[in-house]
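> sequence isn't available, so here's the structure alone:
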DNA sequence: CCGTATCCATTCCGATACTG
DNA sequence: CAGTATCGGAATGGATACGG
């Protein structure tokens, strides 16, 4: 009784995304992968997560097509975990969470250890929805359209 | 033993965001709030979640400052839950998850029941990071800068 | 170093009964 | 309708031992 209902067939794409990525570790693993981490031990050290949990989450992300495995580049017989194109497409989500956290979850005295900037050294202005003319949109400019198929 | 470690003082803003919003229901509640839902029963019906869980999650989101309560507008003695400015700032995160799900979690035969468009009726192009000139940036254009405080 | 297996505590979640 | 209280089962997470 009381089995956890999967959202993988939910009509809402937000729900389906959360079914895959909506737990404590998945998006942190993806964050680290964007940071260039590939090895089991790198993730484990960065996250401080138990190894059995990490192994389970990596497996799920591989099954979901977010990560891909490849033979270790250092000749050892282990795996490396790299973002697939599908995983790379999560970039805006990671940035959105980062900017929200920076703006609303740090006090004035609080240490900020990371911030985003362009590779050129310029700070990034913001994350935005663009219309076809490249103009940024706000919540009130957007509506959800119900579609039958 | 084995107590769950909180991430609310983690130096990474992504981790702090996930500490607040990184569970199965929080972002779905916020999604519904963006959709105009305010009442306990509306959320419950939309999510199908158990009422005790919903009550707990609403309380946490209020405590976190993501939602605010106000007296019911219909004269009843209950509460309404509306997004605070802090909660509204999650808009890009919701949109990012929505677009990722639309792009990668629906098969060709699969029903899409919702899609985003501008209030004007135009489809939205995409979610992007903007530099100061308003140009969209990709993952390779961005780096993380470590900052001491 | 990379995992897997096992054990145990905590947390999550659904069902249901109950209150105002 | 809007919650609260309680229960039991499932999932999560940490520690640790073990094997490749």
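Perfect, I can see it now. Just so it is clear, the model here is predicted, and its values are computed rather than measured. Residues are numbered from 1 along each chain as shown, chains lettered A, B, ... in the order given.

> the residue nearest to the spatial centre of chain A and chain B: what is the separation?
The residue lying closest to the centre of chain A (Cα atoms, centre = their mean) is residue A:27, at 3.9 Å. Taking Cβ to the nearest Cβ, to the nearest Å as the measure, residue A:27 falls 6 Å from chain B. C-beta: built from backbone N, CA, C; applies to glycine.

> that residue contacts residue A:94, doesn't it?
Yes. Under the criterion of Cβ atoms under 8 Å, residue A:27 makes contact with residue A:94 at 6.7 Å.

> chain A: strands as residue ranges?
Here chain A has its strands, by DSSP state E, at A:67-71, A:79-83, A:114-118, A:126-130, A:136-137, A:142-146.

> avg pLDDT for the fourth one?
The pLDDT scores in strand A:126-130 average 74.

> is any part of that strand close to chain B?
Yes. With Cβ under 8 Å from any Cβ of the partner chain as the measure, strand A:126-130 is seen reaching chain B through A:126, A:127, A:128, A:129, A:130.

> wait, what's in contact with residue A:57?
Residue A:57 is in contact with A:23, A:25, A:26, A:29, A:49, counting by Cβ atoms under 8 Å, 6 or more residues apart in numbering or on different chains.

> correct me, but the last one touches residue A:25?
Yes. Residue A:49 is in contact with residue A:25 according to Cβ under 8 Å; the separation is 6.0 Å.

> rewinding a little: for the residues of strand A:126-130 next to chain B, give me a markdown table that also has neighbour count and distance to DNA strand C.
Shown next, in a markdown table, are those (neighbours: other Cβ atoms under 10 Å in any protein chain shown; distance: Cβ to the nearest atom of the strand, whole Å):
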| residue | neighbour count | distance to DNA strand C |
| --- | --- | --- |
| A:126 | 14 | 31 |
| A:127 | 24 | 27 |
| A:128 | 21 | 31 |
| A:129 | 24 | 29 |
| A:130 | 17 | 33 |
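
> residue A:33: which of those is nearest?
Using Cβ to Cβ, residue A:127 comes nearest to residue A:33 of the residues of strand A:126-130 next to chain B, at 19.4 Å.
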